[in-house]
Structure formats: structure tokens, C-alpha cells
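Novice: Pasting the sequence and the predicted model now:
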Amino acid sequence: MTSMTLSTDRVTNASQGYSLTISRLTIDKLGVKLYDKVSAVVAELIANGYDADAENVTVELPLGTELASKDPTTKEAADKGHEVVVRDDGHGMSPDEARAFYLKVGRDRRAYAEQGARSRTKKRPVMGRKGIGKLAPFGICRRIEILSAGGDKVVDQGYLTTHFFLDFDKIVTDDETPVPLEVGDKDATYSPAPGTTVRLTQFLPKRVPDTVTFHRQLATRFALAAPDFTVHVIDTRPTPHIDTVVEQFKVPVRDGTKVDVANRPVNTADGETLAVTGWLAMAKDSYSNEEGAGVRIYARGKIVANTRDFEQPAGFTGEFAMRSYLVGQVHADWLDDDSEDLIRTDRQSILWDSERGEALREWGASIIKEIAKASAGPRRESKSAKFMKDAKIEERAAERYGDEEVVRVAVELGKKIGGFAAEDELADPDYVDGLAEIVLSVAPHQALVQAFKEISSQQDATIEQLVTLFGRARVAEMASYGQIASERVQSIRELQGAITKTGVDEADMQTLIANAPWLIRPDWSVITQNQALKTFRDQFTKFWKDKYGEDIEVAISHEKKRPDFTLIHHGRMLHVVEIKVPGHSFNGKDYERLQNYVTAFSEFFKVNAGMKSEFAEGWRIDLIADVVKLTDETQRYAFESFERDKVVVRQSWNDFLAAAVTAHEAFLNAFDAAHADGDGGGSA
């Protein structure tokens with residue numbers, strides 16, 4: 001066994017015990033940096049006034065203003081001379097009270113009988129607890145002036161005043177010694193009335209929001225339900241200054257979705273029953289600002305958390321709607337009672353993993369399900385009504401088709417589709433118009449199907465019924481042609497714009513062709529895009545990889561990719577569309593790529609005879625390039641032979657466009673005529 005001998009000095013040192021030293025930099029790291037918004041800082045000062053039994057708090061500041069420049073190199077840039085002043089008419093502080101209570105950072109007032117958990121006179125449940133809110137202003141400024149009068153009133157003199165300054169650079173240093181503070185000229189004088197004024201100067205580059213936003217930010221931080229407590233905001237920019245009162249925050253909600261929670265307590269796993277008050281509901285509109293989003297949770301009248309889903313995992317029923325429309329305010333003072341503090345230091349959330357936090361999570365989940373169920377029908381009706389109003393389905397269907405039954409079906413379809421539309425996108429006119437075009441395109445076909453069903457259910461159809469049926473078939477046919485015409489006109493317009501545009505990307509041009517293959521062959525139809533073409537594409541890309549050791553992207557119409565070339569199957573011929581951007585000269589490097597295509601296609605069909613039978617008329621490369629400049633004689637002769645043998649068929653972009661315009665001249669003329677007459681319809 002090994003023995004250990006301690007020196008006399010070490011024994012003496014050990015008997016002195018241990019101590020912990022905390023640098024004042026901790027204040028900066030754990031307190032100051034939690035407050036980076038002007039409204040958050042002002043809210044802490046308002047809370048101090050509330051705890052001091054104030055009935056009125058007045059905030060003076062320049063709204064909608066940058067408090068300081070982001071360039072701190074000069075005094076003028078760092079301080080524009082702005083001030084933020086917060087005054088209250090509470091009981092204030094005497095110099096002795098300031099020293100004993102206010103200047104003890106981190107002191108929990110509720111743990112001391114001389115202060116306690118309720119205010120001095122009005123017995124309000126105090127909001128403050130952690131003892132660092134007084135330093136919150138350092139999140140936006142570097143100098144705080146405290147002027148407060150309080151204590152017992154002295155006859156014929158008033159209330160003794162305390163006046164001092166807090167300077168960030170002096171307080172927040174890597175040191176643990178007490179900090180002497182600068183004393184103001186009103187210190188130890190008397191004031192006729194009690195109260196506190198906090199003046200902030202020497203700002204960081206922070207911006208004060210506009211009036212509406214600032215009011216909203218303050219209103220959501222407090223319940224503001226006390227009849228004897230009012231917050232005034234004075235905008236110091238205009239002359240005279242503008243004084244407004246912060247009102248209680250309200251959110252318009254949908255009828256039938258509001259749930260009062262006063263009689264629905266939170267029950268913990270160990271049988272504890274926790275009282276709550278307030279309400280939850282679905283908002284009429286999706287969130288337009290972060291302050292109005294979700295359910296605000298308050299303790300002692302001050303916000304402690306904001307949640308859109310009560311921390312539910314993804315995938316619950318009605319998730320999107322809840323996270324976009326759930327609103328409310330819940331008051332749960334037990335989150336901040338004297339026995340347990342479940343609030344995060346920054347007061348932006350609570351400790352959800354605690355026993356009480358978990359109980360609140362489960363409580364919220366059950367109410368969310370209830371609201372989601374109750375709101376499903378009203379939300380669909382609201383979306384449907386908005387869509388029908390904005391899209392003007394009935395008017396457009398009547399103007400376009402002139403058939404009462406088609407109009408009725410269009411309205412029916414519009415209501416259904418509108419009810420299931422993406423709610424936030426119904427504010428986008430392009431989205432609404434696109435959805436309306438789908439309804440108007442489908443309506444004639446749906447009316448035709450219904451007419452067939454009606455006739456087939458009868459033994460003998462009358463001549464009038466047959467005439468109606470054929471009339472609707474004609475309407476449906478014309479609607480289909482109109483949709484095709486509209487799409488083709490749009491693609492031709494895109495092609496016209498792309499040809500004249502500088503710096504156009506080759507891949508974008510290739511995608512345009514892939515999405516409109518009839519630009520190559522006007523008589524192409526979607527039916528020709530069959531499984532054989534997809535099978536060929538897959539096998540050929542593998543063949544190319546084996547031969548040249550590189551991947552190649554091959555597009556078939558309406559595929560979202562950036563292809564090397566596009567495949568079009570028309571009749572029994574395979575078209576390979578290779579393009580060069582407008583103005584580009586087809587050169588030697590381009591020829592080498594083309595030669596590889598010719599070689600690869602020739603060899604592929606030699607070893608895949610079965611695949612060749614799918615394209616009995618053979619294959620060809622449609623090359624769209626404005627100019628051919630091949631300086632190498634061998635390449636030039638070979639390219640000319642490709643053209644003679646129709647292996648390669650070249651067109652310039654202007655010729656290509658002219659052919660497309662000529663082939664679709666009737667569509668274009670009809671489209672132009674319709675728009676000249678003021679018809680804003682989507683189909684040509």
C-alpha cells in the first residue's frame with residue numbers, strides 16, 4: 001500500500017475550501033446576446049415597469065429608422081444621436097433599493113421576502129425572475145442611463161432619486177471585480193413623483209421597425225389584459241411627435257374553429273392537474289408575419305413560447321394547414337411558478353422535454369386534431385369560393401362554350417378543384433388562371449361523359465337527346481383543339497424570343513424542342529411517344545457509355561433534364577434532334593461530336609436488329625445550326641455526304657422558325673385575332 005505525505009503548506013491551502021470565479025464576459029454570452037431586436041429590449045423594460053406597479057409606460061423612439069450605421073469607424077457613424085427612452089410611473093427605486101436589488105445581476109427577486117413573487121402595491125404576479133433583463137439593452141446599445149425616484153416620500157421634498165450610467169465596455173470585461181458606475185447629476189436629489197426612466201444611446205447597427213410592425217411585436221409579447229396597465233409608443237421622428245397606444249393583439253379566425261381551453265386543464269403523467277386559459281383556432285388567412293404565427297404561450301402575462309404545432313413530429317394529419325393557420329393564446333402561469341422554471345433564458349420557448357412540458361405537448365396535440373377536423377370543411381368552402389370568384393369560371397365557360405350543361409359542369413368542377421387547391425397559391429393570379437384553364441378544358445369532356453351515361457341508362461334515346469350528345473361531342477373536340485392550339489402558340493412565341501435573345505443556353509433550347517416535338521414534325525402526336533422510344537433511349541445511353549466511356553443525357557418530350565440531344569419518334573422514323581445556339585457556327589469540334597452520333601447510331605442498329613424493326617423507316621439527325629464552318633477538308637466532305645444521304649438534315653434557326661410558323665399559321669392568326677378583340681382567354 002502506498003502512502004502519501006502532504007506538505008504543511010498544501011494542508012493549509014486545502015483547509016481554505018474552494019471558490020468559483022465568474023468573468024463578467026459571462027453576462028455578455030448568457031444574457032446580452034439573447035436580445036437582438038429593439039422590440040425585445042423595450043419589452044424587458046416595459047416588464048420592469050409592470051413589476052414596479054406602473055399604470056403607464058411610455059416608449060419614445062424613432063420608428064422606421066436605422067439607429068446606427070453598420071460602419072463603426074467614426075463616432076458619427078456609430079451614433080446618429082438617436083435615443084430610445086422608456087418611462088414608467090411605477091414605485092421607482094431609491095439609491096439604497098438600486099444598490100440592494102437592481103445592481104445585483106442574476107438575483108431572483110422571488111426568492112427574497114423583501115421583494116417576493118408579487119408586486120409591492122397591486123400584488124401583480126411579477127414577470128421578472130432571472131435578474132438579467134436589466135442588461136437586455138446592451139443587445140442594441142452600449143450606454144444605459146437609469147434615472148429613478150422611489151422609496152418613502154419625504155414631506156415637502158418628494159422621492160429620493162438614483163441616477164447612474166451603465167457602460168458596456170466598462171462592465172463586460174474579463175474580470176470579476178465590482179464595477180464603479182458613473183453617477184448622474186440628479187443622484188440624491190428629490191423628485192415630486194416616483195417612477196423610472198431608462199435612456200439608451202450609442203447604438204449598434206439596429207433598425208427600429210415601422211409603426212405597425214413595432215406595435216405588433218410589443219403586443220404579442222404581453223397579454224395586455226390588465227385594465228390598469230397601458231403602454232404608449234411615441235414616434236419621435238415627426239414634429240409634433242405621434243403618440244399611440246399598444247392594443248391587445250388580435251387575429252381574425254374562422255367561424256366554427258375556435259376552442260376555449262378554460263375548462264380543459266393539462267394533466268401530467270403523475271396525476272397533476274394544471275389550469276390553463278385562452279383559446280386556439282384556425283386563422284382566416286395564412287400567416288403574413290412571424291408575430292401572428294402560431295399559438296402564443298404566456299406565463300404571468302408575458303410571452304414564454306410560440307408554437308405552430310406543439311412540437312409534434314412531421315406527418316400528422318392536417319400538418320400543412322396547422323403549421324400555416326393555427327393561432328391562439330394560452331395562459332399557463334405554472335410554466336413560471338415559484339417551484340419550477342420551465343422557460344428558456346431567451347423566453348423564446350419552454351423546456352418541452354420536462355414532465356410538464358411533455359404534458360402540454362400531448363394536450364396541444366389533442367386540440368390540434370380537433371381543430372383540424374372542425375376546420376377541414378370550412379377551409380375547403382373558403383378556398384372554393386375564392387377560386388370561383390377570382391377565376392370567373394361560370395362567366396368564362398358561358399362565353400367560351402355557350403352550352404348550359406357544359407357551364408354547369410364547369411362550375412361543379414371548379415368548386416371541387418378550388419376546394420382542394422393549394423391555399424397559399426390561390427393568391428397568385430397565374431396559378432388561379434392555370435387551374436381555371438384545366439377546369440375549362442376538362443368540363444366539355446365531363447359533360448359529354450355525363451350525357452353518354454344519361455342516354456345509355458334509357459332504352460330509347462330521342463333525336464333531341466342525340467343531337468345534344470353530338471353537340472357536346474363537338475364542343476369537347478373543339479376544346480381539345482383549342483388547348484393544343486394554345487400550347488403550340490405559346491411554344492412558338494418562346495422560340496421566337498429565344499432566337500433573338502443573346503446568351504441563350506443550348507440546353508434550354510434543347511429542352512424547348514423536347515417539350516414541343518411538333519416543331520420538328522407538325523403532324524407529330526403524343527401517341528407516337530411509345531414504349532419502344534423509351535426502351536431505345538435506355539439501351540442507347542448504355543451503348544454510348546460502353547463505347548465512349550461517358551454518360552449522355554437523352555430527352556424524350558416533356559422530360560425535365562438538360563439533354564445532349566432529343567429523340568422524337570414519328571411514324572416509323574426516329575428523329576435525333578441536335579441543336580446549336582442561334583448565331584453559333586458549326587465547327588470542327590461540333591463535327592467530331594456529330595460523327596460520333598452517326599457512328600454510334602449506325603453500329604447500335606447493326607447489333608440490335610430487333611430494335612431496328614421498331615423504326616422501319618430508319619433514323620436521321622435533325623441539325624439546327626445557323627452556319628457551318630468546317631476548315632478541315634475531310635470533315636467538310638464527310639458532312640456534305642451526310643446531307644446528301646439524308647443522314648443529317650440541317651436547318652437554320654430562322655428557317656426552323658419559319659417552318660413552324662407556316663405550319664401553325666391558322667393557330668397564330670386565331671390567337672392574334674382573339675387577343676385583338678380583347679379576349680383574355682387561355683385557349684386559342
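Specialist: Looks like it came in fine. Computed from a predicted model, the values in this text were never measured in an experiment.

Novice: so what are the domain limits for this structure?
Specialist: With domains defined by automatic domain parsing, the chain comprises 25-245, 259-374, 392-501+659-684, 504-651.

Novice: could I get those domains as TSV with mean neighbour count?
Specialist: (Each C-beta comes from the backbone N, C-alpha and C, glycine too.) TSV is the format used below for the domains of the chain (neighbours: other CB atoms under 10 Å):
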stretch	mean neighbour count
domain 25-245	17
domain 259-374	17
domain 392-501+659-684	16
domain 504-651	16
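
Novice: Out of those, flag the one nearest Val253.
Specialist: Proximity to Val253, assessed across these by CB to CB, is greatest for domain 259-374 (3.9 Å).

Novice: Now do the end-to-end distance for the closest one.
Specialist: Criterion CA to CA, to the nearest Å; first-to-last residue distance in domain 259-374 is 10 Å.

Novice: starting at the chain centroid, how far to it?
Specialist: Distance of domain 259-374 from the chain centroid (CA atoms, centre = their mean, to the nearest Å) equals 21 Å.

Novice: quick one on the thing from earlier: a markdown table please, covering the domains of the chain and showing distance to Lys386.
Specialist: Formatted as a markdown table, those follow (distance: least, CB to CB, whole Å):
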| stretch | distance to Lys386 |
| --- | --- |
| domain 25-245 | 25 |
| domain 259-374 | 10 |
| domain 392-501+659-684 | 6 |
| domain 504-651 | 30 |
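
Novice: Ser179 in helix, strand or coil?
Specialist: Careful, residue 179 is Val and not Ser. Secondary structure state of Val179, per DSSP: H, G, I helix; E, B strand; the rest coil, is coil.

Novice: got CSV for the domains of the chain, with mean pLDDT too?
Specialist: As requested, these are exported to CSV (pLDDT from 0 to 100):
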stretch, mean pLDDT
domain 25-245, 84
domain 259-374, 84
domain 392-501+659-684, 69
domain 504-651, 80
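
Novice: for Asp390, phi and psi?
Specialist: Torsion angles at Asp390 (phi, psi; degrees, to the nearest 10) stand at phi -70, psi -40.

Novice: Could you report the pLDDT at it?
Specialist: Model confidence at Asp390, given as pLDDT, is 92.

Novice: Name the nearest residue to it, ignoring sequence neighbours.
Specialist: Val432 (5.0 Å; CB to CB, 6 or more residues apart in numbering).

Novice: Now do the same contact list for the one you found.
Specialist: By CB atoms under 8 Å, 6 or more residues apart in numbering, the contact set of Val432 is 387, 390-391, 426.

Novice: redo that, cut-off 10 Å
Specialist: By CB atoms under 10 Å, 6 or more residues apart in numbering, the residues touching Val432 are 386-387, 389-392, 418, 421, 425-426.

Novice: from those residues, which is closest to Leu567?
Specialist: Leu567 lies nearest to Glu425 out of the contacts of Val432, by CB to CB, at 33.9 Å.

Novice: Ramachandran coordinates for the closest residue to the closest one other than its chain neighbours?
Specialist: Spatial nearest neighbour of Glu425, excluding adjacent residues (CB to CB, 6+ apart): Tyr431 at 4.4 Å. When quoted as degrees, to the nearest 10, the phi and psi of Tyr431 stand at phi -60, psi -50.

Novice: Quick check: the gap between Tyr431 and Val439.
Specialist: Look at Tyr431 and Val439: by CB to CB, to the nearest Å, they are 13 Å apart.

Novice: Right, I'll leave it there.
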